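A.B. asks: Fold the stuff below for me.
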Amino acid sequence: MNGPLPSPSATGVRIAGDHYQWQLAWLACLGVVRDALTHQPNPSVRVGVEVDDAGNLDDVVVYRQRPPHTYQQVKYTVDASTPVNFAYLAAPSPQGGPSILAKINASRAKLGHSAELHLVTNRAPDPSDPLISSRDTRTGLLVPRGAAGGPQSERGQARAKWADSIGVSEPELLDLLGALRFDLARDPAQLHETLSLTMLVTGLRGDPAAIEAGVSWIAQQVRYGYRVLDQAMITEAIDTLALRAGPARTVISIATLKPDPLASQAQLTLDWVDRFEGEDPYLKRRPKPPASWSELQADIEAIPTHLAGADHVVVTGSLRLAPAFAVGAALRMVTNTDIAVLQREQIWSSDTHYSAPLQPTATSLAVDQGPDLAIAVSVATGLTDDVLEYLKDTGSPVGTLLTLAPPNGAFDRSVASPAEANALAAGIRDAARRAAKGHPRIHLFLAAPMGLALLIGHRWNRVAPTIVYEDLKDARYEAAFTVSA
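C.D. replies: Modelled structure (predicted):
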């Protein structure tokens with residue numbers, strides 16, 4: 001269907017809002033399953049939907065084995081005309097009742113101060129609101145930034161106005177804001193992506209039909225009158241709906257280009273977004289001083305110490321190619337870790353079966369500047385000319401440049417499946433081993449899917465000490481990591 005859509009009816013708005021709430025409830029159910037499979041110390045064990053004992057924070061409730069429990073108020077809108085700010089939070093209800101903020105405060109008094117409170121909405125934050133603009137995007141909390149400044153500051157005056165609107169003191173308001181997470185701008189597309197990723201790392205299918213099956217099951221339980229869904233019910237639904245696809249995986253979240261929607265589910269989170277140069281994800285290619293590649297390498301090399309014996313892991317987030325290779329090398333096959341990555345809505349896992357290594361085409365060029373070997377992995381696009389220009393311009397101590405490409409050539413999506421990715425990673429590793437004999441070091445340049453870079457690093461053993469480079473654009477590279485092999 002082309003062209004603008006008509007304005008939705010009141011019924012259409014209600015249905016869209018319900019579907020949004022059921023998506024959030026299904027996401028919470030997936031958390032129950034993941035917590036059980038990954039043996040979390042205080043797992044979520046039940047999910048409530050419109051429960052009776054949660055005041056106005058009853059839309060989705062996550063009950064853990066021990067408190068704190070999480071209570072979510074869900075607010076959906078069909079347009080972007082109303083951002084989240086003081087006017088929105090303090091306005092009386094359409095029927096003239098208490099405001100959203102007042103209802104949340106009253107519900108907290110009923111639930112107790114140990115409760116975790118979430119306001120979840122697809123509305124965007126208002127950047128001009130003094131307190132909303134203080135929100136930490138990692139935690140969703142308005143404090144501690146919102147508590148800064150004296151009574152006469154812009155934030156201080158905003159705090160007084162918020163507190164007065166619900167009849168509490170400023171310390172009481174700050175206590176509330178220390179528990180209330182503003183989960184904002186959760187638009188349906190972003191929520192759909194999070195559901196897909198979460199289902200995949202939980203060992204389930206993550207395709208649109210699978211997501212809709214889970215969401216429809218939530219709607220069915222609500223129609224049948226079930227308000228609390230426990231692990232047994234959720235597990236039975238997963239089996240009945242034929243959603244299982246593989247093992248659940250321990251999540252390692254590494255955000256380089258943009259925040260990772262699965263960071264909250266990770267056993268280990270490396271948030272490098274603010275440590276890389278560039279105003280948008282497409283420009284983030286190198287660490288921003290005082291951050292350095294060596295600091296990032298130390299983070300990467302420490303990953304195995306955080307995994308507590310996990311043997312099935314998945315790397316989520318947004319990595320450039322050099323960090324992806326280094327992460328794969330830190331979790332090499334010799335560690336008996338099965339490593340996976342989400343690539344084009346598929347799980348590319350190192351334990352995916354393939355019949356034999358896929359031998360790449362190999363082309364050698366003489367550089368004659370020293371004893372080292374340079375390898376250009378040209379999978380997504382050709383990079384021989386750029387690498388050769390870089391080696392000449394920098395006088396790198398390289399004698400030969402070896403270009404390795406898929407048998408069908410370098411082009412976008414030249415690797416079609418997880419099995420093909422593993423076969424090609426093994427073939428590239430084998431070709432590198434043969435070529436590296438007699439060379440003290442390898443200089444490695446990559447133009448490949450991120451998942452393939454991870455799988456190559458995972459297999460990069462018995463080769464030679466390797467310097468892996470990051471592409472800075474326009475035939476410029478920078479040595480990023482040194483990997484022993």
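A.B. asks: Going by C-alpha atoms from here, please, whenever you check contacts or count neighbours.
C.D. replies: Noted.
A.B. asks: what's the neighbour count on Gly96?
C.D. replies: Counted with other Cα atoms under 10 Å, the neighbours of Gly96 add up to 8.
A.B. asks: end to end, how far does stretch 291-310 reach?
C.D. replies: One end of stretch 291-310 to the other measures 29 Å (Cα to Cα, to the nearest Å).
A.B. asks: Which residues belonging to that stretch are considered buried?
C.D. replies: By neighbour count on 16 or more other Cα atoms under 10 Å, the buried set for stretch 291-310 is Trp293, Leu296, Gln297, Ile300, Ile303, Pro304, Leu307.
A.B. asks: Now do the strands in the stretch 351-485 of the chain.
C.D. replies: Residue ranges of the strands in the stretch 351-485 of the chain, as given by DSSP state E, counting those that start in this stretch, are 361-366, 372-378, 398-405, 442-447, 466-473, 476-483.
A.B. asks: And the residue nearest the centre of this structure?
C.D. replies: Asp260 (2.7 Å; Cα atoms, centre = their mean).
A.B. asks: wait, isn't it in contact with Val251?
C.D. replies: No. In this structure, Asp260 is not within contact of Val251 by Cα atoms under 8 Å, at 11.2 Å.
A.B. asks: which residues do the two both contact?
C.D. replies: Thr316 (Cα atoms under 8 Å, 6 or more residues apart in numbering).
A.B. asks: if we can go back for a sec, could you dump the buried residues of stretch 291-310 to a markdown table with distance to Arg429?
C.D. replies: Compiled in a markdown table, the buried residues of stretch 291-310 are given as follows (distance: Cα to Cα, whole Å):
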| residue | distance to Arg429 |
| --- | --- |
| Trp293 | 24 |
| Leu296 | 24 |
| Gln297 | 21 |
| Ile300 | 21 |
| Ile303 | 23 |
| Pro304 | 22 |
| Leu307 | 26 |
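A.B. asks: What is the nearest of those to Arg64?
C.D. replies: Comparing these against Arg64 with Cα to Cα places Leu307 closest, at 22.6 Å.
A.B. asks: got the contact list for that closest one?
C.D. replies: By Cα under 8 Å, 6+ apart, Leu307 lies in contact with Thr250, Gln267, Leu268.
A.B. asks: and the last one, how many residues sit next to it?
C.D. replies: So that's Leu268. The number of residues near Leu268, taken as other Cα under 10 Å, comes to 18.
A.B. asks: which one is it nearest to, not counting chain neighbours?
C.D. replies: Sequence neighbours aside, Ile252 is the residue nearest to Leu268 in space, at 5.0 Å (criterion: Cα to Cα, 6 or more residues apart in numbering).
A.B. asks: and the helix or strand encompassing the one you found, what does it pack onto?
C.D. replies: Element membership for Ile252 (DSSP states H and E) is strand 250-255. Under the contact criterion of 3 or more Cα pairs under 8 Å, 6 or more residues apart in numbering; DSSP states H and E, strand 250-255 touches strand 268-271, strand 312-318.
A.B. asks: Pretty sure Pro98 sits against Pro92.
C.D. replies: Yes. Counting by Cα under 8 Å, Pro98 does reach Pro92; the two are 5.2 Å apart.
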